[in-house]
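Undergrad: build me a model:
(chains A, B, C and D)
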Number of protein chains: 4
Amino acid sequence: VTSPGAGESRVLVLNTGGTIGMTLHDNVLAPKANALVQSLRKLPILHDELYAQQTCLYEYYGSENSLVLPKSLPHPDLLHHSLSKSNKRIIYTIMEYSPLLDSSNMTTDDWGRIGKDIEKNYQHYDGFVILHGTDTMAYTASALSFMCEHLGKPIVLTGSQVPIYELKNDGRDNLLGALLVAGQFVIPEVCLYFYNKLYRGNRVTKVDAGSFNAFSSPNLAPLATAEVDISINWDTVWRANTTAKFQVSTELNRNVGLLRLFPGITALSVRAFLQPPMQGVVLETYGSGNAPDNRPDLLAELKAATDSGVIIVNCTQCLRGTVSASYATGKVLMDAGLIAGGDMTPEAALSKLSYVLAKKKLDLDAKKKLMAQNLRGEMNIDLEGAKLCLSNS
Amino acid sequence: VTSPGAGESRVLVLNTGGTIGMTLHDNVLAPKANALVQSLRKLPILHDELYAQQTCLYEYYGSENSLVLPKSLPHPDLLHHSLSKSNKRIIYTIMEYSPLLDSSNMTTDDWGRIGKDIEKNYQHYDGFVILHGTDTMAYTASALSFMCEHLGKPIVLTGSQVPIYELKNDGRDNLLGALLVAGQFVIPEVCLYFYNKLYRGNRVTKVDAGSFNAFSSPNLAPLATAEVDISINWDTVWRANTTAKFQVSTELNRNVGLLRLFPGITALSVRAFLQPPMQGVVLETYGSGNAPDNRPDLLAELKAATDSGVIIVNCTQCLRGTVSASYATGKVLMDAGLIAGGDMTPEAALSKLSYVLAKKKLDLDAKKKLMAQNLRGEMNIDLEGAKLCLSNS
Amino acid sequence: VTSPGAGESRVLVLNTGGTIGMTLHDNVLAPKANALVQSLRKLPILHDELYAQQTCLYEYYGSENSLVLPKSLPHPDLLHHSLSKSNKRIIYTIMEYSPLLDSSNMTTDDWGRIGKDIEKNYQHYDGFVILHGTDTMAYTASALSFMCEHLGKPIVLTGSQVPIYELKNDGRDNLLGALLVAGQFVIPEVCLYFYNKLYRGNRVTKVDAGSFNAFSSPNLAPLATAEVDISINWDTVWRANTTAKFQVSTELNRNVGLLRLFPGITALSVRAFLQPPMQGVVLETYGSGNAPDNRPDLLAELKAATDSGVIIVNCTQCLRGTVSASYATGKVLMDAGLIAGGDMTPEAALSKLSYVLAKKKLDLDAKKKLMAQNLRGEMNIDLEGAKLCLSNS
Amino acid sequence: VTSPGAGESRVLVLNTGGTIGMTLHDNVLAPKANALVQSLRKLPILHDELYAQQTCLYEYYGSENSLVLPKSLPHPDLLHHSLSKSNKRIIYTIMEYSPLLDSSNMTTDDWGRIGKDIEKNYQHYDGFVILHGTDTMAYTASALSFMCEHLGKPIVLTGSQVPIYELKNDGRDNLLGALLVAGQFVIPEVCLYFYNKLYRGNRVTKVDAGSFNAFSSPNLAPLATAEVDISINWDTVWRANTTAKFQVSTELNRNVGLLRLFPGITALSVRAFLQPPMQGVVLETYGSGNAPDNRPDLLAELKAATDSGVIIVNCTQCLRGTVSASYATGKVLMDAGLIAGGDMTPEAALSKLSYVLAKKKLDLDAKKKLMAQNLRGEMNIDLEGAKLCLSNS
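TA: Next up, the predicted model:
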C-alpha cells in the first residue's frame, strides 16, 4: 500500500452533460443528476475500488467524487510502450454541472463557466477532461482553445453517441481514452478525443450523426491514435512559445453569425443578416473562397458591412480546403473587405470572432490582423503548406 | 464506311463554362468563347476525325460543333464487359453558352435556361452532359433534378478542378466518363460524374476544394464506378413510376435561404434572417436534427415564421446523418412547425424549396407535404432504412 | 422476477484461447485457465448478477459458467430499432478449452474439435461465439464455414488485439458485439466479428497486426455494422437452400499448401513444393490470375502435378481481385490444369481444399468441380458480378 | 524559338512492355513493337510537335524516339506552385525493349538489363521512367531499389490497368505524372507512380487487380500526391548520406523463395521447400511475426535450414504491421535463427535477399546483418517508430 498522492496523476473531469450520462425518463433520454459517479464506481474498467480503499483515497482527496483508474499491466518488454512510459495511477475527480446540459443548449456563458472552472483548478490537476454532448462539442472545443491563453496542460473534450448505461456504447472507451491522454501526456492543447483518435479541438467538426466515428479533422491529421497503443504525432502538437501565466478570457462577443452563399441568394437577405448589431460574420463561400463577381448588389452589401466595421471572414463551405489571401479568384471578396480564413473550420472561425471581437483594448485593425493570424494552431498560414491550385470554378 | 446515324448514340453537351474550359488571360483564369470545340477536335482521345470525314459527320448533323468519340476496342472475350454492351459510336454536339459562366456566378435563371435547352432538345438526343464549374455544381444538379419532371434519359453534370488545356488535368477523363455514361446507359436521372464515380445529382456536395476527388455523396452509395470497367449499381438507380411526358419546370422561388445554428446565435439575427420576403429556409441543425430547447426566444422566432407561412426544413449540419420526424429530441423544432428534412443535403433541400414554393397551384399544406416526401430520390424516407439511434446530445 | 428460460436467448461461447483472455506471467503474455469467467462475472457490462440471482440462473442452467447480459434500455420510440427487436435476455455459457491455445498453435485437429463441440450442442443454443486468437482466426473461420454443413444458426468468431484484462482493450466490445449478433439474429453463417463489423468468415483476412481494425473482407461488403445501432445487410446474408440436418464434417486433408509466384521462382523449388504427398495447392498468382507463359520449365512442373492428381487452385496474390476461368491471360495456367479460384481469399481456398480433398466418396473430377463451385458464399461466380477487365500485365 | 537543350530537362523512358502499350491481336491483348512512340506522337497531351519542329528536336537529339511534353501554363500568381517551380520543358526519349515483355514474364535477368540501361545512360538524363506491367511492378521496383547503389536521380516505374489505346484508360495520366516527377524533382529514389500518387518503390504492393487504384504502400505514406498540384512529402524522401559514384549491382541470387505459414502446414512440405539449393527464404508469419511454438517438427526444419546457412527472414502475412526483433512472441523463430524483417513487404524482403546473397565478398554473418539493416528506406528500424503492442495471438 502506497501513500496517496505519490506516483499519482490527477485529472479533473467536468461533467457538463450530454448523451454519455443520459438515462431514460418517461421514454425520453435525459441527463440524470449525481448518477454518473455512482455508475462509474461500479465499473471495474474505470475504477479500482480496492486501491481506493487501501490508499484512503476518498479521505485524502476529500471527495466522494474521486475515482481511480485500474493499473495498466506492467511489462518489462514494453518499456518503450507508450502506455507504460508513465507508471502513474490516474486519479480523476468528477465535478458535475447542475443542471446537466444537453449540448444543444450550450451557450457562450457555459463556455465561460467551463473556462473559469479550469482556471480555478488549474494548479491542482495534471490535466482536464470535459464531458460534453457531441452536437456542439466542436464549437466548445474551438471556443475554449481561444479562451485558454498560455495553456500548458491538456484539456480533452469527449462524450459519446450512446449513453454509458446502454449495453453497447462508445462512452466507456471515449472516457477511458480521454483520461489516459489527459493524465499521461503533456499535450498543452484543447483537444477532442473520439473513437480512438485525439484531434486538435479547433480543427474538428461533427461529420456523422449516426456513427461512433462522429468527428473529423479535415485539414489536419489527428494528434494521436489510441488503438493497440497510444501513438502521438509529436510534430503536430502545438506549442505556444510562451512562459506567460495561464489565464482564461471569458469575454465573448455574441453578435456573430454564419452565412452560407448559394446561387440566387438575395441581396436583401444578406443585408438583413448583416444589419446591426452584427459585428462578425463567417461567410461560407464556394470552393477556394469564391463568390459571384457578377452580383454588384451582393458585393455592395458585403462592402457596406465591412466599411461599417463588421469583420467578415471568408471560409470555404467545402469540408476540406483553404481560402488564401493571395488567390486571385476570391479577389472580389478581398476588395469587399473580407479576411481570408485559410483552412479554418466554420466552428473555429466563428468562435475566434467571438473571442477577438471581445478584446476591448484592440482597435478594429488589430482585431482584423488577429483574425488573419494563426493563434492556436487553428489555421495553416505557412506559405509552403498552402496548396494553391489552378481551379477556379 | 457506314452511313451516319446508324449505330450511333447522340449526346448533347451544354457547355455552361467553368474551370474545365478556362484559359489564362492577363494572368487570370477565365473562360474563352468558342475554344473548347476546337481543342477537343485536336484530342484523339475525344474525337475521331477520320470517322467524321468518312461519314460526312459535319454535313449530316449540320454542325461544326459535332464530335465523335473513338471506337472502343472490340473484344470477343469481353462480350459481357459493360463497355462493349453497346457497340454504338457516341456522337456529341457541343452547345456553348455565351457568355461562358464561372459557376460562382450561376443563378436560378441559368438553371432555367439549362432546363429549357434540355427540354427543347430532349427528343433528338439519347443523353445530356452539362459542363459546369465545380463550385456550385451540386446546387445546379439538385435544382435540375427537381425541375426535370418525368425524366427518361440521363443528364450528367461534370467539370474539372484543372482546365482541360493544362498539362495534367482531370477535365479530359471527367468529360469522357460523362459522355460514356450519357451515351450508353439508360439511367433516367440527373447525375454528377467526377473522378471515376457517378453520383445521384441531388445527393452530392463538394467536399474538397483542392483534390480531384472533389465530390461526395455522403448518404447514398455512388450509382456507378468507372475504372477498369463501368459497373452500375442498378439497384440504386432511381425509376419514377410514370409514363407522363417529360417537361421542365423552370419556375423557381428565390426567397429562400440557409441558416446554420450555432451556440449563442441571437434571436435578433434569426428574426432578421426570417423576415419577409423570406418564404423558405433550410435550418442546419445539430446532429440528428437538434436545437436548443432552453431558448424560448429562438423557438418563438421560428414559430412566428412558420405561423406566417414560411416553410422551414430541418436538416443536419453534419455531413452524414438524417433528421427523422419521429425522433423525440428534435421535438421542439417540430412543435415550432419545422419539417424533418431526412437525409437531404442542404443543396437538395434548398433547391427543393425553390421548386416547391414556386408551384402556384398548390396551397401551403400541399407544399409542406411535398417537402416531406421523396420526389427524386433526394431523401430516404423508408422506415426500414432510417437508422434511429440513442444519441441525444 | 421471471422464470428462467422464458424470454431468454442462449449462446454457447467456446473459449479456445487467444489474446482476449491472456494475462502476464513472468513477463510473457499467456492464457490463464479458468480466469475468463471469473473476470466477466465482475464486469457489469457483460454480466447482470442481480438477474442471475433473481432467476436462479446457475441452478437452472446447472453451471457456474453461465452469464447473462444486462438488459438493453427499453424505448417506445425505438420500436423499429434493431437492438430492441428482440427483447430477449442473452444467456451465455462459456466452455473453456484446456489447454487454452495461442492461435498460432491452432491445427486442423483443433478445428475439428470446435466443429464437434458445436455439433454436440447445436440443439441447445440459439447461437455460438468462438473466442480465438486473431493470428489464424481467418483460417479457422474459413475452415468452419466448409465443415459446417446445412448450418441454420449463427457461429461468430471473435477475439481481440489487447487482452480483456488490460485497461484499454478491444476485447470487451468485440465479445459484447459477437454475443448480440449470435443471440439476436438469424444469420445462418460462420461469421467473424471485429471492431464493430460483422464479416462472412470465409471472406476475411487479417490485414493489420497493430490496429483494432485488424480484419478486412476485401471482396465482399460486411454483413453488418454495429455502431449506434446494428444494421444488417440482409441482401448479403447467405442462405443455403436446404432443410437437411446440420452436421459437421471434421475430415480434413492436411497435404495442402500455399505457393506464391514471384519473378525468378525456380522450377526446382516449385517441383520440391509439389512433390508427394502434396495433394492440393493454392497458387498465388499475379493480378487477375496471371503467370509467366515464357517459362516452360515452370509450367511443366505445374502440369506434371495436376496430371498426377494434385488439385491446384489459381488465386490472386492481390488483396482485392478475381481470377476468372474465361479470362484469356491466365490461359497457360488453365492449360496446365489449374482451377480458377475466383475471388476466394487464400485462407478460404486452402481450407476448402482441405475439406474437399477429404471427401472420400468423391473422385478427383467431382472434387475439382466442387472447388470451382460456390459452396458457402466464399466466392462470387455470378457472371454478371464478375468484373472482367482489359488489364493484362 | 529557343535552341534545343537550353531550359530543357531530359528523361529516359525504358518501355519494357506491359498493359499500357498493348493492343488487340486475334482477340488477345499483346504488346506491339514500335507502336507506342507513334501513338504518343499523336497525343497533344503528351507531345508538342510544334515545339519539336521549331527546335529541330529530332536532329538535335539524334532520335525519332524523342518527344517533348507541352508547356505548362505560366501563372505569376502561382510562383510557389510546385508545377511551376521548374519552367523547363521535359524532353523524353523512349527506349523500347525487344521483345516487349508481359510483366508476368519478367525475370531477374530483365531486372539486370534495366539496371544496366540506366547505368549506361545515367549521366545523360535528369531522370528515368520505366514502363512496366502492373503484375510484377512492385517486385521490379523493390529489386531496382537495392541494385541501384548511391542513386542520385529519380527512377519512376509506372504502367496502367488499361491500355493507352483504349478509350478510357489510366495509361496517359500515369505516364504524364511519372514524367513530371522524373523531369522536375530531385527525388533520388526508385519510385512507383500510380493513380496520382508517388510511392517508394520498395514499399508498395499490388492490392487490387481490377481498379485504377491498384497499388498500396501499407507501412509508409506516399512520397507525393499529384492532383490539383504536386505536393511532395520532403520529410519522407530518402537521402543516402553518400557522395559515392552511382553504380548498378546486377548480381542477384535466384535461390530464394516465399513460404507462407498456415495452420496444419506439414514439416515435410517445409523441409521440401527449404532443401538445397535454397539459400534465402521469406517466411510469411502470423500477425507480428508469430509461429506455432508447439510444433517442434516445424521449428526443427527451420533451425536445420538456418544452421546450414539458409537466411530466413520473418515477415508478417498481414498487409500492415511489423515484425520486431525484441518482441517476445516471435521468440521461437528467433531461436530458430530467423531474422526479423520489420515492416518490409514480401516483395522487398525477397529482392533484398536476392541482392544481399549475391554479394560475394561478404560472409554469411555480414549478409545477415545487412538483411536486418535499413538499406534503402525499405524498413523502419527506428525504435521510436516501432509500434510495440500487447497483442499476442
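
Undergrad: need the phi and psi values for A:Lys197.
TA: Dihedral angles of A:Lys197 (phi, psi; degrees, to the nearest 10) stand at phi -130, psi 140.

Undergrad: also A:Arg41?
TA: Torsion angles at A:Arg41 (phi, psi; degrees, to the nearest 10) stand at phi -60, psi -30.

Undergrad: same deal with the one 3 residues further on?
TA: A:Pro44 has phi and psi values of phi -60, psi -20 when expressed as degrees, to the nearest 10.

Undergrad: I'd guessed it sits against C:Leu43; true?
TA: Yes - counting by Cβ atoms under 8 Å, a contact exists between A:Pro44 and C:Leu43, whose distance comes to 6.3 Å. For the C-beta atoms, the positions are set from N, CA and C on the backbone; glycine is no exception.

Undergrad: for the record, mean pLDDT for the helix or strand A:Thr140 falls within?
TA: Following DSSP states H and E, the helix or strand that holds A:Thr140 is helix A:137-147. Helix A:137-147 comes out with an average pLDDT of 98.

Undergrad: briefly note if that helix comes near chain B.
TA: Yes - in this structure, helix A:137-147 sits against chain B according to Cβ under 8 Å from any Cβ of the partner chain; the contacting residues are A:137, A:139-140, A:143.

Undergrad: now, the most widely separated pair of the residues you listed?
TA: Looking at the residues of helix A:137-147 next to chain B by Cβ to Cβ, the two members farthest from one another are A:Met137 and A:Ala143, with 10.8 Å of separation.

Undergrad: pull up the overlap in contacts between the two.
TA: Common neighbours of A:Met137 and A:Ala143 (criterion: Cβ atoms under 8 Å, 6 or more residues apart in numbering or on different chains): none identified.

Undergrad: what parts of the stretch 101-250 of chain A come near chain C?
TA: A:161-163, A:165-168, A:170, A:172-173, A:176-177, A:180, A:196, A:210-213, A:226-229.

Undergrad: ok, now how distant is A:Thr285 from C:Pro346?
TA: In this structure, A:Thr285 and C:Pro346 are 51 Å apart, going by Cβ to Cβ, to the nearest Å.

Undergrad: the two - which one has more neighbours?
TA: Regarding A:Thr285 and C:Pro346, a neighbour count based on other Cβ atoms under 10 Å in any protein chain shown identifies A:Thr285 as having more, with 27 against 24.

Undergrad: partner strands of the one helix or strand the more buried one maps to, with direction?
TA: Here A:Thr285, judged by DSSP H and E, is contained in strand A:280-285. Looking at strand A:280-285 with DSSP bridges, its paired strands and their directions are strand A:256-260 (parallel), strand A:311-316 (parallel).

Undergrad: now the stretch 101-250 of chain A against chain D: closest residue?
TA: Using Cβ to the nearest Cβ, A:Val228 is the residue of the stretch 101-250 of chain A that sits closest to chain D, at 4.0 Å.

Undergrad: flag every buried residue along stretch A:274-290.
TA: Within stretch A:274-290, the residues that qualify as buried are A:274, A:278-290, counting by 16 or more other Cβ atoms under 10 Å in any protein chain shown.

Undergrad: just give me the closest of the residues you listed to chain C.
TA: Compare each of these with chain C using Cβ to the nearest Cβ and the shortest gap goes to A:Glu284, at 27.9 Å.

Undergrad: who touches the closest one in this structure?
TA: A:Glu284 sits next to A:258-261, A:315-317, A:346 when contact means Cβ under 8 Å, 6+ apart.
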